[in-house]
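**Q** 3D, please:
(chains A and B)
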2 protein chains.
Amino acid sequence: MILIANDDGVKAKGLKSLIRVAREFGDVIATVPSEPMSGMSHAITIKTPLRVKKEHEEAGLSIYSCQGTPVDCVKLAMNKLAARKPDLLLSGINHGSNASSGVVYSGTMAAAMEGCINLIPSAGISLLDFSPDADFSASEKVTARIIANMMEPGLPEGVCLNVNIPAVPFNELKGMRICRQTKGCWKEEFVRRVDPHNGEYFWLTGSYLNLEEDAEDTDEYALKMNYVSVVPVRVDLTSQKGITFLKSWDLNTIWEK
Amino acid sequence: MILIANDDGVKAKGLKSLIRVAREFGDVIATVPSEPMSGMSHAITIKTPLRVKKEHEEAGLSIYSCQGTPVDCVKLAMNKLAARKPDLLLSGINHGSNASSGVVYSGTMAAAMEGCINLIPSAGISLLDFSPDADFSASEKVTARIIANMMEPGLPEGVCLNVNIPAVPFNELKGMRICRQTKGCWKEEFVRRVDPHNGEYFWLTGSYLNLEEDAEDTDEYALKMNYVSVVPVRVDLTSQKGITFLKSWDLNTIWEK
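**A** The predicted structure follows:
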């Protein structure tokens, strides 16, 4: 049984594509936000209760919507809605890129990481096209191959996949490339407005800044060259380099008498 | 200049403690959520505008509140409120643990990671006591030492700190220990309720499950032994092990004619 999540909500075209592909591999249960939830990252809902609605049911497919975040949806599915532990978790297909540091803000990837924390082989799939009517036909072929490999040979424990797909026709894709996450950040601009009662407010906007434009082993570079980027993402955030570095810190003298 | 963030909001006692300690090291600008924002992870606010309020100003200290997430606050501070790039970012002192996989859900640690993505030496500090009137006196001494080391010798680029402090008096702390993130997850229980109009809803609750109880190099183990745990956290989530593994995947045959 395959669990499907997303952050674009129950009406997203990318969800329909992912369900279509996943059903070729097994029974599907989709549990997704009732409304779009982009940028929610790994947020969970603590202060308000969650309501769940069964949107659709037929042989081999159940679709639920939930008034919560993508991670809430995964938790609800694993604990309340699915009859057993899912064999795979797939998140997406997202409308828009989650490459580079985008992985940290992404609700799509948070859902995949939530599966991974709970020891379910998981992947987030994203198409580099934000438009609601984006063309997912190439993405469906790519996704089918990713699913096949996730089932056999499978994924190492603690590692999930961040798959990003250039928005070009299938025969213009150069292939898939295993990459590392590009070092990058957002150059934010807060657009200032004043409301009719003279109150000031700001809109968060910004543009992506690639801090290693020419690094050929990064996901942004692969995408620029029309390759599908596949980044293995770990849920153990420990920096081994950091551990070695910090061993030189003499922190315990504050307890000396 | 030191930038302070948190996820417990402008009224939190832990914020006052962190400001007190940080001021010993330089000028402070605190930009924090107007309301508690636990569990918001790296969420950003896209669909609603942000309002900012100056809460306090004196020589060497400005405090702002913002109706957004912890990461929104850091972005606003870096782009609109601070006169220049902060020398350090400190987040907390959080009321409650952010050890183990908690790092992924934590707004406190997301704020620190946001600083790190933007190449500012950053740390999140948490006390293992959720109560609003928790005793931060030992935490203040620990935090002062962490800040001193963050300034000199500093931190490697791309690495921030997740510091967790047991809720015991200073002289009962055994010291600080450099650790790795414990492998753990939450055993969720969704409490089902029915509203007066016969609508069903769920409350998310759960308890932590340590998946490697006896691993002495983990943060949970250190905390259990009354050590302060210091985990170096990376913002590059790429799994090197995963890259090696995936190189064996033959993904490109789908393009063969």
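
**Q** next, residue A:143: phi, psi?
**A** Backbone geometry at residue A:143, expressed as degrees, to the nearest 10, gives phi -60, psi -40.

**Q** ok, it - contacts?
**A** In this structure, residue A:143 makes contact with A:17-18, A:21, A:90, A:93, A:125, A:163, judged by C-beta atoms under 8 Å, 6 or more residues apart in numbering or on different chains. C-beta here means a position set from N, CA and C on the backbone, and glycine is covered the same way.

**Q** quick one: pLDDT of residue A:257?
**A** With respect to pLDDT, residue A:257 has a value of 64.

**Q** on that earlier part again, which of the contacts of residue A:143 fall within helices?
**A** Taking DSSP state H, the ones among the contacts of residue A:143 that sit in helices are A:17-18, A:21.

**Q** residue ranges with poor pLDDT in the stretch 151-257 of chain A?
**A** Scanning the stretch 151-257 of chain A for pLDDT under 70 picks out the ranges A:257.

**Q** so which residues of it form helices?
**A** A:219-224, A:240-246 (DSSP state H, counting those that start in this stretch).

**Q** who are the packing partners of the first one?
**A** Packed against helix A:219-224 by the contact rule (3 or more C-beta pairs under 8 Å, 6 or more residues apart in numbering or on different chains; DSSP states H and E) you find strand A:159-165, strand A:227-234.

**Q** may I see the buried residues of that helix?
**A** Residues of helix A:219-224 classed as buried: A:219-223 (neighbour count, 16 or more other C-beta atoms under 10 Å in any protein chain shown).

**Q** any idea which of the helices and strands packed on helix A:219-224 is most buried?
**A** Burial among the helices and strands packed on helix A:219-224, expressed as mean neighbours by mean count of other C-beta atoms under 10 Å in any protein chain shown, is greatest for strand A:159-165, which shows a mean of 28.

**Q** okay, the angle between that strand and strand A:227-234?
**A** Regarding strand A:159-165 and strand A:227-234, their directions subtend 160 degrees when assessed with axes from the mean of the first three to the mean of the last three C-alpha atoms, to 10 degrees.

**Q** what about the residue lying closest to residue A:171 once chain neighbours are set aside, neighbour count?
**A** Nearest-residue entry for residue A:171: residue B:255, 7.8 Å, with adjacent residues in sequence omitted and distances by C-beta to C-beta, 6 or more residues apart in numbering or on different chains. Counted with other C-beta atoms under 10 Å in any protein chain shown, the neighbours of residue B:255 add up to 15.

**Q** contacts for stretch A:74-84?
**A** Residues outside stretch A:74-84 that contact it (C-beta under 8 Å, 6+ apart): A:1, A:3, A:5, A:29, A:31, A:44, A:50, A:52, A:62, A:64, A:66, A:68, A:85-86, A:89, A:111, A:114-115, A:118, A:120, B:186, B:188-190, B:202, B:204.

**Q** show me these that map onto helices.
**A** Using DSSP H, the subset of those located in helices is A:111, A:114-115.

**Q** quick one: contacts for the residue nearest to residue A:171?
**A** Applying C-beta under 8 Å, 6+ apart, we find residue B:255 in contact with A:171, A:173, A:175.

**Q** buried ones from the residues you listed, can you make that a ChimeraX selection?
**A** Selecting only the buried members of the contacts of residue B:255 in ChimeraX, with burial defined as 16+ other C-beta under 10 Å, works like this:
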select /A:173
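
**Q** which one of the contacts of residue B:255 is nearest chain B?
**A** Within the contacts of residue B:255, the smallest distance to chain B is 4.3 Å, found for residue A:175 (C-beta to the nearest C-beta).

**Q** quick one: contacts for the closest one?
**A** Contact criterion C-beta under 8 Å, 6+ apart gives A:227-228, B:251-252, B:255 as the residues in contact with residue A:175.

**Q** ok, of the residues you listed, which one's closest to residue A:40?
**A** Distance ranking of the contacts of residue A:175 against residue A:40, using C-beta to C-beta, places residue A:228 first at 24.8 Å.

**Q** ok, the residue lying closest to that closest one once chain neighbours are set aside to residue A:32 distance?
**A** Distance criterion C-beta to C-beta, 6+ apart; nearest residue to residue A:228, sequence neighbours excluded, is residue A:176 at 4.3 Å. Between residue A:176 and residue A:32 the distance is 26 Å, computed by C-beta to C-beta, to the nearest Å.

**Q** do residue A:216 as well
**A** Computed with C-beta to C-beta, the distance linking residue A:216 and residue A:32 is 36 Å.

**Q** repeat that for residue A:217.
**A** Residue A:217 sits 33 Å away from residue A:32, taking C-beta to C-beta as the criterion.

**Q** higher neighbour count, these two?
**A** Under the criterion of other C-beta under 10 Å, the comparison of residue A:217 against residue A:32 puts residue A:32 first, with 29 against 14.

**Q** got the contact list for that one?
**A** Listed by C-beta under 8 Å, 6+ apart, the contact set of residue A:32 reads A:4-6, A:8-10, A:12, A:15, A:63-66, A:70, A:73.

**Q** and which of the residues you listed is nearest residue B:180?
**A** Here the nearest of the contacts of residue A:32 to residue B:180, counting by C-beta to C-beta, is residue A:70; it sits at 26.8 Å.

**Q** what about the closest one, how many residues close to it?
**A** 33.

**Q** ok, the one 5 residues further on next?
**A** Other residues lying near residue A:75 total 26 when counted by other C-beta under 10 Å.

**Q** which SS state does it fall under?
**A** helix (DSSP: H, G, I helix; E, B strand; the rest coil).

**Q** tell me the pLDDT of it.
**A** You'll see residue A:75 listed with a pLDDT of 95.

**Q** pull the contacting residues for the residue nearest to residue A:181 when sequence neighbours are not counted.
**A** Take residue A:181 and drop its neighbours on the chain: the residue closest to it by C-beta to C-beta, 6+ apart is residue B:238, 4.7 Å away. When contacts are counted by C-beta under 8 Å, 6+ apart, residue B:238 touches A:180-181, A:231-234.

**Q** of those residues, closest to chain B?
**A** Using C-beta to the nearest C-beta as the measure, the one of the contacts of residue B:238 that approaches chain B most closely is residue A:232, at 2.4 Å.

**Q** beta partners for the closest one?
**A** residue A:161 (DSSP bridges).

**Q** would you mind measuring from it to residue A:103?
**A** Relative to residue A:103, residue A:232 is positioned 11 Å away (C-beta to C-beta).

**Q** circling back to that earlier point, just flag the most distant two among the contacts of residue B:238.
**A** Taking C-beta to C-beta as the measure, the contacts of residue B:238 reach their widest spread between A:180 and A:234, a distance of 11.4 Å.

**Q** remind me which helix or strand the residue positioned nearest the centre of chain A belongs to.
**A** Within chain A, the residue whose C-alpha comes closest to the C-alpha centroid is residue A:109; the distance, by C-alpha atoms, centre = their mean, is 1.9 Å. Taking DSSP states H and E as the criterion, the element that holds residue A:109 is helix A:107-117.

**Q** name the helices or strands packed onto that helix?
**A** strand A:2-5, helix A:70-76, strand A:88-95, strand A:122-127, strand A:159-165, strand A:227-234, helix B:102-105.

**Q** so what are the sheet partners of the fourth one and their directions?
**A** When pairs are called by DSSP bridges, strand A:122-127 turns out to pair with strand A:88-95 (parallel), strand A:159-165 (parallel).

**Q** just the CA coordinates for the first one, please, in CSV.
**A** Taking only C-alpha atoms (Å, rounded to 0.1, in the frame of the first residue of the first chain), the coordinates of strand A:88-95 have been written out as CSV:
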residue,chain,number,x,y,z
LEU,A,88,6.0,3.6,0.4
LEU,A,89,5.3,7.3,0.9
LEU,A,90,5.2,9.6,-2.2
SER,A,91,4.7,13.3,-1.9
GLY,A,92,3.7,15.6,-4.7
ILE,A,93,3.9,15.9,-7.6
ASN,A,94,4.6,19.5,-6.4
HIS,A,95,3.8,22.5,-8.6
